[in-house]
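Peer 1: just the structure for this:
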Amino acid sequence: MNKEWIKVVIAAFFEVFWVIGLKHAYDFWAWTGTAIAIFVSFYLMIMAGRKLPVGTVYAVFVGLGTAGTVFSEILIFGEPFKVEKVLLIVVLLAGVVGLKLVTADNVREGAES
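Peer 2: Numbers count the residues shown, from 1 in each chain. Just a heads-up that it's a prediction; the model follows:
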């Protein structure tokens with residue numbers, strides 16, 4: 001995995017925090033943390049998208065963020081565990097991994113093709 005894909009994974013990690021923050025923020029500091037998470041998440045995704053295929057970057061970002069958010073809601077916030085939901089997340093992650101595997105890792109130096 002090259003450093004651009006690592007940026008995408010870290011961006012998805014921060015996406016989980018800002019999505020949770022949008023739902024559960026209640027004071028200035030929680031909203032500040034949410035805003036910082038949004039900034040870091042999108043900054044890393046945009047930086048990775050400059051050198052990797054944007055469609056794949058976005059799909060991986062959203063897929064990992066969605067999976068992380070669902071599992072966080074179950075583990076931290078007491079969302080009911082449903083086998084169907086987990087199976088669908090596994091299918092989503094399989095699609096994300098599949099996209100990553102079929103996307104060439106040849107990193108571009110600029111936006112030109």
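Peer 1: got the buried residues for the helix or strand bottoming out on mean pLDDT in the chain?
Peer 2: In the chain, the helix or strand scored least confidently by mean pLDDT, DSSP states H and E is helix 83-102, which has a mean of 88. For helix 83-102, the neighbour count (16 or more other C-beta atoms under 10 Å) marks 89, 92, 96, 99-100 as buried. Just so you know, the C-beta spots here come from the backbone N, C-alpha and C atoms, and that holds for glycine as well.
Peer 1: now swap in stretch 9-19 and tell me
Peer 2: 11-19.
Peer 1: ok, back up a step: what does the least confident helix or strand of the chain rub up against?
Peer 2: 5, 56, 59-60, 63-64, 66-67, 70-71 (C-beta atoms under 8 Å, 6 or more residues apart in numbering).
Peer 1: in this protein, where is pLDDT below threshold?
Peer 2: Applying pLDDT under 70 to the chain flags residues 1, 105-113.
Peer 1: residue boundaries of the helices in it?
Peer 2: With helices called from DSSP state H, the chain shows them at 3-24, 28-49, 54-77, 83-102.
Peer 1: what is the neighbour count of residue 29?
Peer 2: Neighbour count of residue 29, defined by other C-beta atoms under 10 Å: 9.
Peer 1: closest to residue 44 among the buried residues of stretch 9-19?
Peer 2: Of all these, residue 44 sits closest to residue 11, with 3.8 Å by C-beta to C-beta.
Peer 1: distance of the closest one from residue 86?
Peer 2: As judged by C-beta to C-beta, to the nearest Å, residue 11 and residue 86 stand 23 Å apart.
Peer 1: measure stretch 76-85 end to end?
Peer 2: 16 Å (C-alpha to C-alpha, to the nearest Å).
Peer 1: could I get the buried residues of stretch 9-19 as CSV with distance to residue 41?
Peer 2: Below are these laid out as CSV (distance: C-beta to C-beta, whole Å):
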residue, distance to residue 41
11, 5
12, 8
13, 8
14, 4
15, 5
16, 9
17, 8
18, 6
19, 9
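Peer 1: of the residues you listed, just say which sits nearest to residue 46.
Peer 2: Distances from residue 46 to the buried residues of stretch 9-19, taken by C-beta to C-beta, are shortest for residue 11, at 8.7 Å.
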